[in-house]
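Chemist: This is a predicted model, with the sequence first.
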Amino acid sequence: MHDAIREAGPGKAAENRPDPLAGTNLTDPSIIADPHPVYGALQAETPVVWNQQLHGWVVTGYEACRKAMLHPGMSVEKLDPFVRHSSAADRKNVETLGEVLGDWMVFKDPPTHTQLRRSLKDAFMPAEIRELQPRVRAIVDDLMTALPVGAPVDMVANFAFPLPAMVIGDLFGMPREELDTLKTWSDDLGKFVLASVDAEQDRIYLLAGEAARQMKARFQVLLDDHRANPRDDFTSRMIANSDGLTDDQIVHNLVLLLWAGHETTTNLIATSIHHLCRDPARFTALKDDPARVPGTVEESLRMDGPAQMLVRFAKEDLELEGHIIPKGEMVYVMLNTANRDPAMFDAPEAFDAAREVNKHLGFGRGIHMCLGAPLARLEGEQALHGLTECYASMRFAGPGTEWRQNLIIRGPRKLEVLLAG
C-alpha cells in the first residue's frame, strides 16, 4: 500500500531536501530486527526530517510525535490515493482492499470516524473490560496446560497468538474452531496493511485481496446471525449502536476488530515474554512481586510497542517543530523511537518495570487512540500472571527472537523458550 501512495506524493522537488538517512535501507532485515540504533541516532540529530526512501517526513521526537497525532491538519484517509494509483494488473484486488479497508475507523477522519467509534462505545469501556478478567485468565490457564516443560516451545504460535484470538473471537461470537482460518486470512491481510517487506508486492495484493473478500463474506454471515439471534456480545452491541451505519460499514469494521483485536495483543504478549527472557531476574522479580506485572506490560509497550509507526497525511500545509509540511505529504510517526526519547524518559534504554513516570505513546494519542487498549493491557497482564505463577523460570531456547519483517508493526515472528516447572 505504501509504495503506491508514495508514488502519488510530492515530485522531484522533494528529492533535493536534506535526508540524514540517505543511503540507509530502512527495509533491511537487520534494521527491522533492531531499528532503535538507526532511529535513535536520527532522533538525537533532529525530531522531524524528510526521508526520500519513505517519501515522507519521519518524526522521532516524543513531543513532535504527540503533536503530530493531535494536529487537526493530519488525516488518516490514505486508501483513496492508493486505489487511484494502482496498476491495471492489481486493480481487482486493490479495489477490494480499498472497499473493505476504506471503511475501517482507523482510516477515517471525523465525522465518519466519530460515528463508527460510537458504535462500540459500550464494548471497550474499562469497567466492562475488567469484568472479563476471569474469562481471560481461564484461557491463559487452558493454553498453559499444553506448553511443554523442559523442551523448546514457540510462544508466539502456542501462546501469544491463540490467547487474544480466542478472547476476541469469543467477544464477537466467532466460533473457536474457525480461528485457524481467521489466522490465515489475517496473516495475508496483514502483509498488506503492515507494509511487509518479505514478499513481492503483487503477491501481497493477491493474498490480501482474497483474504478481504473471504473475511467480508464470513462476517456478513456473522452479522446476519446476530441480527436473527441477538446475544450479549460485542457484535450485538455494535448492531444496537449502529444507527446511520450501512451493513458494509458494520461488516468492514468487524473485519478490522477481529483482525486488530488479536494482531496487536499477540505482539504485546510476545514482546513482553522477549523482555523477560532477556534478563532472567525480571521473571524472578515478577514471581516474587506480582504487583510489578502491570509495570512490566507498560515498559514493554514503551520499549517495543506493537505499533512501531503510524502513518498520517497532511490535509493542509502545516508546521511541525519548525518544519513546513506541505499538503498531501506523508508523515511517519515513530512511536517506539519517541518512547525512548531522553527528553521525556530517564535512562530510556533501560527496561524498568518500576518506572514511576511512563507516559508512553504505545497506544497513540487523540481521537485515534487505540480503542482496545484496556483489553490488550488486561490480556498482557493475565498472560504474565499465569506464566510467573505456573513456571519456575523462562529463558530463550536457541539464539533468541526472530522479529517480523515489516515497517508498521513490531513483534516477534518466532520466540522459542524453555520453561521450567
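Modeler: Received it, and whenever you're ready, just let me know what you need.
Chemist: my guess is Gly73 meets Phe313, correct?
Modeler: No. Using Cβ atoms under 8 Å, Gly73 is not in contact with Phe313; the gap is 9.6 Å. Quick note: C-beta positions are derived from backbone N, CA and C, even for glycine.
Chemist: Mind checking which of these two has more residues around it?
Modeler: Neighbour totals were compared for Gly73 and Phe313, and Phe313 leads with 21 against 16 (other Cβ atoms under 10 Å).
Chemist: Regarding the more buried one, what is its secondary structure?
Modeler: strand (DSSP: H, G, I helix; E, B strand; the rest coil).
Chemist: Can you tell me the closest non-neighbouring residue to it?
Modeler: Leaving aside its chain neighbours, Phe313 sits nearest to Ser75 (4.6 Å; criterion: Cβ to Cβ, 6 or more residues apart in numbering).
Chemist: ok, now how distant is the one you found from Ile367?
Modeler: 12 Å (Cβ to Cβ, to the nearest Å).
Chemist: if you count what's nearby, which of these two comes out ahead?
Modeler: Neighbour totals were compared for Ser75 and Ile367, and Ser75 leads with 18 against 15 (other Cβ under 10 Å).
Chemist: Quick check, the more buried one in contact with Glu316.
Modeler: No. Counting by Cβ under 8 Å, Ser75 stays clear of Glu316, with 9.1 Å between them.
Chemist: Can you list the low-confidence ranges for this protein?
Modeler: 1-16, 85, 88-89, 196-199 (pLDDT under 70).
Chemist: just so I have it, where are all the helices in the stretch 101-250 of the chain?
Modeler: 112-118, 126-130, 133-144, 155, 162-172, 179-193, 201-228, 234-240, 247-278 (DSSP state H, counting those that start in this stretch).
Chemist: Which residues are in contact with Gly40?
Modeler: Residues near Gly40 by Cβ atoms under 8 Å, 6 or more residues apart in numbering: 60, 337, 340.
Chemist: quick check, nearest of the residues you listed to Glu356?
Modeler: Looking at the contacts of Gly40 and their distance to Glu356, the nearest is Arg340, at 17.1 Å (Cβ to Cβ).
Chemist: May I have the secondary structure class of the closest one?
Modeler: Following three-state DSSP, we place Arg340 in the coil state.
Chemist: What separation do you get for it and Asp304?
Modeler: Distance from Arg340 to Asp304, by Cβ to Cβ: 10 Å.
Chemist: what's the answer for Ile139, then?
Modeler: 24 Å.
Chemist: So which of those two has more stuff around it?
Modeler: Ranked by neighbour count (other Cβ under 10 Å), Ile139 and Asp304 place Asp304 first, with 27 against 21.
Chemist: Report the contact partners of that one.
Modeler: Asp304 touches 271, 274-275, 336, 410-411, counting by Cβ under 8 Å, 6+ apart.
Chemist: ok, now Glu416?
Modeler: Contacts of Glu416 by Cβ under 8 Å, 6+ apart are 152-155, 396-398.
Chemist: Nearest to Ala146 among the contacts of Gly40?
Modeler: So of these, ranked by how close each gets to Ala146 (Cβ to Cβ), first place is Arg340, at 35.9 Å.
Chemist: so what's Phe124 closest to, chain neighbours aside?
Modeler: Leaving out its chain neighbours, the residue that sits closest to Phe124 by Cβ to Cβ, 6+ apart is Leu371, at 5.2 Å.
Chemist: just checking, that neighbour touches Lys121?
Modeler: No. Leu371 is beyond contact range of Lys121, at 9.4 Å (criterion: Cβ under 8 Å).
Chemist: who has more neighbours, these two?
Modeler: Leu371 (21 against 12).
Chemist: For the more buried one, what is the enclosing helix or strand?
Modeler: Assigned by DSSP states H and E, Leu371 belongs to neither a helix nor a strand.
Chemist: same deal with Arg395?
Modeler: Using DSSP H and E, Arg395 maps to strand 393-403.
Chemist: Could you export that strand as CSV, CA atoms only?
Modeler: Only the C-alpha atoms of strand 393-403 are listed here, as CSV (Å, rounded to 0.1, in the frame of the first residue of the first chain):
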residue,chain,number,x,y,z
SER,A,393,11.7,-19.9,35.2
MET,A,394,11.6,-19.0,31.5
ARG,A,395,14.6,-18.4,29.2
PHE,A,396,15.4,-18.3,25.5
ALA,A,397,15.9,-21.6,23.7
GLY,A,398,18.5,-21.0,21.0
PRO,A,399,19.6,-17.7,19.5
GLY,A,400,16.7,-15.6,20.7
THR,A,401,13.8,-13.8,19.0
GLU,A,402,13.0,-13.8,15.3
TRP,A,403,11.3,-10.4,14.5
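Chemist: got the buried residues for it?
Modeler: Using 16 or more other Cβ atoms under 10 Å as the test for burial, strand 393-403 gives 393-394, 396-397, 400-401, 403.
Chemist: what does that strand rub up against?
Modeler: The contact list for strand 393-403 (Cβ under 8 Å, 6+ apart) reads 32-33, 152-153, 273-274, 276-277, 280, 283-284, 387, 410-420.
Chemist: Now with 6 Å, please.
Modeler: 33, 152, 274, 277, 280, 283, 412-420 (Cβ atoms under 6 Å, 6 or more residues apart in numbering).
Chemist: Quick check: neighbours of the very next helix or strand once past it in the sheet, parallel or antiparallel?
Modeler: Next in sequence after strand 393-403, counting helices and strands by DSSP H and E, comes strand 412-420. Within its sheet, strand 412-420 is paired with strand 153-154 (antiparallel), strand 393-403 (antiparallel), according to DSSP bridges.
Chemist: May I see the buried residues of strand 412-420?
Modeler: Quick answer for strand 412-420 (16+ other Cβ under 10 Å): 412-413, 415-419.
Chemist: That strand versus helix 133-144: what angle between them?
Modeler: 80 degrees (axes from the mean of the first three to the mean of the last three Cα atoms, to 10 degrees).
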